[in-house]
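**Q** predicted coordinates and the sequence they were generated for:
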Amino acid sequence: MSSSKQQMRLDRFLSRATGLSRKQAGIEIRKRRVRVGEELVRDPARRIAPDAAVHWRDEPVSLPGRVYLMMHKPAGLVCARRDPLHSTVLDLLPPELAARVHIVGRLDRDTTGLLLLTDDGEWSHRITSPRHGCAKSYLAELADPLPPDAARRFEEGLMLRGEKSRTRPARLQRLAERKVRVTLHEGRYHQVRRMFAALGNRVLSLHRESVGALGLDPALAPGAWRPLSETEARLLRH
Ligand code: URA
């Protein structure tokens, strides 16, 4: 890791590195039990690099490695930490991993395809925040053929029921009479289904193919998951 990476508060670093609560970490720092390099730092808000040489009670401490996973989400599972009625995608992970990660951009229960999970909040924010405009691409099967102006209307943005602003420009590619690829740069609630509903159509099946430059690994069967390589995780950082 290089020190040009995003800096973080010392109390947050200590808490993540040791399992202390943020409050306990702050107390340890104020009690002069934490060194950054050679310096005894007493300010919990001091910003440090994630790879800084930190000692707590004279023992070196460092951040645990981050977790980045891709999953082939099967239909029927919900994207939630827990659900009173349905199994969740987190049930597919070992319990200790499930407790650690969060879901990056939810998919509907019936949607299949690429789902990302991580314990890195900055990384998931980059992917989900509309400000960053990370592309998400879906294959959809439709109940009815599309009107000739559908792609233009997706490009111009649609007013969805109950919303105050138009959807951002989205790309619609026709693959067959009732099969399309849709690429969005935002992630509103049930967005793809609602965009087709706005055209008087209905989505019969929906599958996410890619997020940014990362495509679903074709070797992953529905329900399977694997860690991302460093290169893959980096693809979505920029
Ligand atoms: N849009 C939807 O309507 N559903 C999804 O699961 C993802 C995007």
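**A** Okay, I see it.

**Q** can you pull the domain assignment for this protein?
**A** 8-61, 68-235 (automatic domain parsing).

**Q** any idea how far M70 is from the spatially most central residue of the chain?
**A** Geometric centre of the chain, nearest residue: V104, 2.2 Å, by CA atoms, centre = their mean. According to CB to CB, to the nearest Å, V104 and M70 sit 10 Å apart. C-beta coordinates here come from the backbone N, C-alpha and C atoms, glycine included.

**Q** quick one: pLDDT of the spatially closest residue to E186 that is not a sequence neighbour?
**A** Closest residue in space to E186, ignoring its immediate chain neighbours: P130 at 4.4 Å, by CB to CB, 6 or more residues apart in numbering. pLDDT for P130: 88.

**Q** is it true that E186 touches S165?
**A** No - E186 is beyond contact range of S165, at 10.2 Å (criterion: CB atoms under 8 Å).

**Q** so between these two, which is more surrounded?
**A** E186 (18 against 9; other CB atoms under 10 Å).

**Q** ok, that one - contacts?
**A** 130, 133, 167-168 (CB atoms under 8 Å, 6 or more residues apart in numbering).

**Q** ok, R81 - how many residues close by?
**A** Neighbourhood size, R81 [other CB under 10 Å]: 12.

**Q** partners of the longest strand along the chain in the sheet?
**A** If you go by DSSP state E, the chain has its longest strand at strand 203-211. Using DSSP bridges, strand 203-211 pairs in its sheet with strand 112-118 (parallel), strand 136-142 (antiparallel), strand 214-215 (antiparallel).

**Q** you'd agree A233 is in a strand?
**A** No - counting by DSSP: H, G, I helix; E, B strand; the rest coil, A233 is not found in a strand; it is helix.

**Q** that one - nearest residue in space that isn't next to it in sequence?
**A** Leaving aside its sequence neighbours, A233 sits nearest to Y68 (CB to CB, 6+ apart; 4.3 Å).

**Q** what about the one you found, neighbour count?
**A** 22.

**Q** what's the separation between the closest residue to H132 other than its chain neighbours and S137?
**A** Distances taken as CB to CB, 6+ apart place R126 nearest to H132, at 5.2 Å, with adjacent residues excluded. R126 sits 17 Å away from S137, going by CB to CB.

**Q** what does L216 give?
**A** 10 Å.

**Q** shared neighbours, the two?
**A** 208-210.

**Q** which among those gets closest to G37?
**A** Sorting those by how near they are to G37, with CB to CB, puts S210 at the top with 41.9 Å.

**Q** contacts only, for that closest one.
**A** Applying CB under 8 Å, 6+ apart, the residues contacting S210 are 114, 135-137, 216.

**Q** same check on D120?
**A** Applying CB under 8 Å, 6+ apart, we find D120 in contact with 66-68.

**Q** thinking again about what came up before, mark which of the contacts of E186 are buried, thanks.
**A** Buried members of these, scored by 16 or more other CB atoms under 10 Å, are T167.

**Q** next, give me the two most distant ones among the contacts of E186.
**A** G133 and T167 (12.6 Å).

**Q** what does the chain put close to the ligand?
**A** Residues of the chain lying close to the ligand (CB under 6 Å from any ligand atom) are 107-108, 111, 190-193, 206.
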